[in-house]
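Participant: Generate a structure from the sequence data that follows.
(one chain, ligands or ions: 1)
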Amino acid sequence: MPTLSWKGKHASTMGGIQPKHYEQWNDEDQPHVLHCGDNLSWLAHAKTQGKRFNLIYLDPPFCSQANYTQQIKTATTTHIIDGFTDKFSVDEYLQFIYERVLLLKDLLTPNGSLFLHCDYQQSHNIRCILDEVFGSKQFRNEIIWHYTGGGRAKKYFSRKHDNIFWYSHSSVWTFNTDPIRIPYKETSGFAKGGITSKSGKKYLPNPKGTLPDDTWDIPILNPLAKERTGYPTQKPLSLLERIILACSNEGDRILDPFMGSGTTGMVALKHHRHFTGLDKNWNSIHLMRQRLLKTTEAFSISCENFPQSGIQHVRLHKIDRNWKVESLTDTPIQMVYGLTDDRKCHPILDLQQHKRFRVVDIYGKVSDFICEEHPTSTVVLRAIGAN
Ligand SMILES: C[S@@+](CC[C@H](N)C(=O)[O-])C[C@H]1O[C@@H](n2cnc3c(N)ncnc32)[C@H](O)[C@@H]1O
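Facilitator: Numbering: from 1, shown residues only. Just a heads-up that it's a prediction; the model follows:
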């Protein structure tokens, strides 16, 4: 089989994993897991732990040479902060994708599937990589996600689709048809009760609708869409819904190693799947955490390398059993975590159980605070610096 080569091509070196750093992680009992850090080392670690996922969806950077920003709206203003960068040379990019895909294949269950979302910029090369890693026999579909809206090119046909490659781990895979059926088009004979061929054979409609083919017309998120989070390159829930309903079952484990705003996670939760989301951008983890907190689901968060200290002083207000944490600088607080001895972060519900806590400002900067005595009223606490 022909294979693609590029400068510096090599199989994964375990992502520079430092086993000690990960020793204390045990997410087995958690239905949902969020991890902040470069996904390469987490994936390598997960492989050594024998973790397996029924479905993996990844929407990595597309090699677009762009820097993406994120919008965060507060009551009074909209903040524009750094999102993520998508600047690679082609050689770097192909290596980036290759070493992750090698690990991802080993993280699939025997009947598991991987969906890789990309676009015209590298889809031709990515398909070669997937053929090499999975074997071309495991290619199931190239889904064309077609959308309209936005500007129109004047010198060539407007580029209005993305490519999603589906590969299965083996020759056995999950594909549920009924949950993804769509209503027949009004103009279709089926919508009018059925079709009769010239020979007189009658083809009756399925009451649940027809099955989608490999070109999906799903609108991109418009600026006013309710589900819009302000995270750059956010994908629509309905796109992920079709993938998840077709290729996984209730109780299955789903991994998104480039989680972004958490679209995959939200759909996984809605349909009773277990979700693991990875992203190196703090704001992605924060966003998904906020979305999870609105549900009754249990989850764990872990992180590599917090950014250095941001907010220096905070004030606490007790509201019933819970505490409101306020910044005394003019930098708005983005999230507050309780810290346990193993340095894992937990959403703060009751500060009295967390003597140490961590505040992340709107720019993603982190400060740790210590609460020497249990505060009984409004108190000001000093930063102890990030670690
Ligand atoms: C295209 S966005 C994903 C958008 C997502 N599908 C959604 O619907 O919101 C790509 C994401 O990958 C993350 N990312 C890029 N490189 C990464 C890496 N090496 N490890 C973990 N996350 C990474 C970026 O921070 C960004 O959030």
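Participant: residues touching the residue nearest the centre of the chain, list them.
Facilitator: Nearest residue to the geometric centre of the chain (CA atoms, centre = their mean): Met259, 1.7 Å. Contact analysis of Met259 by CB atoms under 8 Å, 6 or more residues apart in numbering lists 34, 265, 277-279, 284-285, 288. Glycine gets a C-beta too; all of them are placed from N, C-alpha and C.
Participant: Among those, which are located in strands?
Facilitator: Judged by DSSP state E, strands contain the following of those: 34, 277-279.
Participant: Which single one of the contacts of Met259 is nearest to Gly151?
Facilitator: Using CB to CB, Ser284 is the member of the contacts of Met259 that lies nearest Gly151, at 27.3 Å.
Participant: Kindly reformat the contacts of Met259 as TSV and extend each row with distance to Arg315, neighbour count and pLDDT.
Facilitator: Shown next, in TSV, are these (distance: CB to CB, whole Å; neighbours: other CB atoms under 10 Å; pLDDT from 0 to 100):
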residue	distance to Arg315	neighbour count	pLDDT
Leu34	28	26	85
Gly265	32	26	96
Gly277	32	29	95
Leu278	34	24	95
Asp279	30	26	93
Ser284	28	24	86
Ile285	25	26	81
Met288	27	28	86
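Participant: near the ligand too, which of these?
Facilitator: Contacts with the ligand within the contacts of Met259, counted by CB under 6 Å from any ligand atom: 278-279, 284.
Participant: List just the nearest of the residues you listed to Leu4.
Facilitator: Ranked by distance to Leu4 (CB to CB), the ones next to the ligand among the contacts of Met259 are led by Leu278 at 25.5 Å.
Participant: beta partners for the closest one?
Facilitator: For Leu278, the beta-bridge partners are His35 (DSSP bridges).
Participant: hang on, it packs against Asp256?
Facilitator: Yes. Using CB atoms under 8 Å, Leu278 is in contact with Asp256, at 7.2 Å.
Participant: Model confidence score at whichever residue of the chain sits closest to the ligand, please.
Facilitator: Relative to the ligand, the nearest point of the chain is Gly260 (2.5 Å; CB to the nearest ligand atom). For Gly260, the model assigns a pLDDT of 96.
Participant: ditto for His271
Facilitator: For His271, pLDDT reads 97.
Participant: related to what we said a few turns ago, so who does the residue of the chain closest to the ligand touch?
Facilitator: 59, 231-235, 279, 284.
Participant: Same list (the residues you listed) but as TSV, adding secondary structure.
Facilitator: Below are the contacts of Gly260 laid out as TSV (DSSP: H, G, I helix; E, B strand; the rest coil):
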residue	secondary structure
Asp59	coil
Tyr231	coil
Pro232	coil
Thr233	coil
Gln234	coil
Lys235	coil
Asp279	strand
Ser284	helix
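Participant: number of nearby residues for Phe62?
Facilitator: Residues near Phe62, counting by other CB atoms under 10 Å, number 20.
Participant: Please tell me how far the residue lying closest to Ala246 once chain neighbours are set aside sits from Gln95.
Facilitator: Leaving aside its chain neighbours, Ala246 sits nearest to Ile180 (4.9 Å; criterion: CB to CB, 6 or more residues apart in numbering). Per CB to CB, to the nearest Å, Ile180 is found 35 Å from Gln95.
Participant: And Asp217, by the same measure?
Facilitator: 34 Å.
Participant: Same check on Val172?
Facilitator: Val172 is 31 Å from Gln95, where distance means CB to CB.
Participant: Pick out whichever of those two has more residues nearby.
Facilitator: Gln95 (19 against 9).
Participant: That one contacts Lys9, correct?
Facilitator: Yes. Between Gln95 and Lys9 there is a contact under CB under 8 Å: 6.4 Å.
Participant: tell me the mean pLDDT for stretch 359-369?
Facilitator: The predicted confidence, averaged over stretch 359-369, sits at 76.
Participant: Report whether it contacts the ligand.
Facilitator: No. Judged by CB under 6 Å from any ligand atom, stretch 359-369 stays clear of the ligand, getting no closer than 11.2 Å.
Participant: returning to that earlier point: could the contacts of Met259 go into TSV alongside distance to Pro207?
Facilitator: Formatted as TSV, these follow (distance: CB to CB, whole Å):
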residue	distance to Pro207
Leu34	40
Gly265	32
Gly277	36
Leu278	40
Asp279	41
Ser284	41
Ile285	43
Met288	37
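Participant: from the contacts of Gly260, which two are the most distant?
Facilitator: Lys235 and Asp279 (13.8 Å).
Participant: got the contact list for Ser158?
Facilitator: 150-152.
Participant: if you set the cut-off to 6 Å instead, what comes out?
Facilitator: With contacts defined as CB atoms under 6 Å, 6 or more residues apart in numbering, the neighbours of Ser158 are Arg152.
Participant: backbone phi and psi for it, please?
Facilitator: Per-residue torsions, Ser158: phi -60, psi 140 (degrees, to the nearest 10).
Participant: what stretches of this structure score poorly on pLDDT?
Facilitator: Applying pLDDT under 70 to the chain picks out residues 13-29, 72-79, 301, 303-312, 317-323, 329-331, 341-345, 347-354, 362-364, 372-387.
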